[in-house]
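1. Here you go, sequence then predicted model.
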Amino acid sequence: MNIGADTASAISLAVAALGPGPLREESVAQHVAPLFSRVLDEYRRNAYFANHSLGRPLDATAHDVAEAVSLWQTRLGDAWDAWSAEIAAYRGRLARLLNAPRADCVVPKTSAGQGLRTILNSYDGVPRVVATRGEFDSIDVILRQYALRGRISLRLIEARGHGLFESGDLFDAIGAGADLVVVSHVLFTTGQVLPRLAETIAAAHRAGARVLVDVYHSLGVFPVDIASLDADFAVGGSYKYLRGGPGAAYLYLHPRHLDGSMKPLDIGWFAKTDVFQYRRPDPPEFGAGGDAFLESTPPVLTYYQARAGQLFTLAIGVERLREYSLSQQRLLVSLLERHGIAARGGSEDRGAFVVVSFEDHANDAATRCARSLGSRGVICDARGPWLRLCPDVLTGAAEIERAAETLAEVVRV
């Protein structure tokens, strides 16, 4: 059984058939859509605009997971040879997407929050942490709970108008004293690309602080060069734009932190020098580089689950996906404007989704609007006062027109 090779081959053939240059809807429908036949058939009556939440899986994903289960059924303990190879492949694919210096900079995690805790728990004292009020709920609740327990000193930066953040506020907070800065590359509520991120990281380093970047809403959306950013750490996952489902997350560590100087507490037997040699030296001996940050028995099916989505993203190219996404967003924004609905999206300072603000309405207005849209077959969501609509490469112009017209109907009700 070599399902992995079959998955890669099918994706490569489909992408090759697209030809070079910008993506076109007709070619995508002809060559790419068949890779997603099951989910497209199941949702054929709906227009799916929640790609920023849960990405649509390839048909191959089910076969990839079946491969992992078949290994379990037919090889039992000997399956670990193949499973370990897939874990290494998972790390390698993410390293390519991140432009990480090497594959062991990527440590598999089951959530971005788990990655954050790994870093927080590596501090011996009480680190001064600077973050924004715009971090995703998992990151936010972890930081605030650590602060309540006296494990960190936390300063949260407030948004300015329309939920947007300004780099100057971060610079001021860093200058006042920080050991760790936690920021999102793209804000999950508004889709704002955090301005001057590279300058923020440089300012933090000059002040003696480290920086952890949440790239959940940027990796797979536009090219991310984590090496050039010089971030100390990054967290993210494959749930959304990488089409890898829940649990396929990761922690990135810059090579300067893989020299043994960091002493993580979030570890397990896979972090040992010789995993399957049951020696117990005192003090414990850990694997080289990022392997020292591995934990206990890993959820191996997750890495198979993430395979097809990662291969697809690498094959088609994030640059092409970004160009296509921006054109789709601009179309949606322009159609909404014709209906008198103001929307933000389609520009380089935004992520993958279009936002319609309900800041001047009742607290739950955006959520109620999303539910009304869902009842009419347009699947989207809301976070706070912001309605979020995210087309992806599978979304056609007719669906975008349907979303705009349906939203106009809902707003008029």
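-> In hand now; what should we look at?

2. Where does the prediction get shaky in this protein?
-> 1-4, 413 (pLDDT under 70).

3. Once you drop chain neighbours, what's closest to L156?
-> In space, and not counting its chain neighbours, L156 is closest to R133: 5.2 Å by Cβ to Cβ, 6 or more residues apart in numbering. C-beta coordinates here come from the backbone N, C-alpha and C atoms, glycine included.

4. is it true that the one you found touches I157?
-> Yes. Using Cβ atoms under 8 Å, R133 is in contact with I157, at 6.6 Å.

5. the more surrounded of the two?
-> Per other Cβ atoms under 10 Å, whichever of R133 and I157 has more neighbours is I157, with 20 against 13.

6. what about the more buried one, distance to A352?
-> Look at I157 and A352: by Cβ to Cβ, to the nearest Å, they are 24 Å apart.

7. same thing with D169?
-> Per Cβ to Cβ, D169 is found 25 Å from A352.

8. Those two: who's more crowded?
-> A352 (26 against 15).

9. quick one: secondary structure of that one?
-> coil (DSSP: H, G, I helix; E, B strand; the rest coil).

10. CA atoms only: put the helix or strand where L311 lies into CSV for me.
-> Per DSSP states H and E, L311 falls inside helix 307-316. Provided in CSV are the C-alpha atoms of helix 307-316 (Å, rounded to 0.1, in the frame of the first residue of the first chain):
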residue,chain,number,x,y,z
ARG,A,307,-1.2,15.1,4.4
ALA,A,308,-3.4,15.8,1.4
GLY,A,309,-4.2,19.4,2.4
GLN,A,310,-0.6,20.3,3.0
LEU,A,311,0.5,18.6,-0.3
PHE,A,312,-2.2,20.4,-2.2
THR,A,313,-1.2,23.8,-0.8
LEU,A,314,2.5,23.2,-1.6
ALA,A,315,1.6,22.0,-5.1
ILE,A,316,-0.7,24.8,-6.2
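
11. Which neighbouring elements make contact with the next helix or strand after that helix?
-> Downstream of helix 307-316, the next assigned helix or strand under DSSP H and E is helix 318-338. The helices and strands touching helix 318-338, judged by 3 or more Cβ pairs under 8 Å, 6 or more residues apart in numbering; DSSP states H and E, are strand 354-357, helix 397-412.

12. if I look at the spatially most central residue of the chain, how far off is A50?
-> Centroid-nearest residue in the chain, with Cα atoms, centre = their mean: Y216, separated by 2.4 Å. For Y216, the distance to A50 (Cβ to Cβ) stands at 15 Å.

13. and if you look at A60?
-> Counting by Cβ to Cβ, the gap from A60 to A50 is 21 Å.

14. more neighbours, the two?
-> Set A60 next to A50 and count neighbours by other Cβ under 10 Å: A60 wins out with 23 against 20.

15. F353 versus that one, what's the distance?
-> 25 Å.

16. how about the nearest residue to R45, chain neighbours excluded?
-> R45's closest residue in space is G377 (Cβ to Cβ, 6+ apart), at 6.1 Å.

17. what's the spacing between the one you found and S111?
-> 31 Å.

18. Mind checking which of these two has more residues around it?
-> Neighbours around G377 and S111, counted as other Cβ under 10 Å, are more numerous at S111. The numbers are 19 against 15.

19. Could you double-check that the more buried one lies in contact with G237?
-> Yes. Counting by Cβ under 8 Å, S111 touches G237, with 6.8 Å between them.
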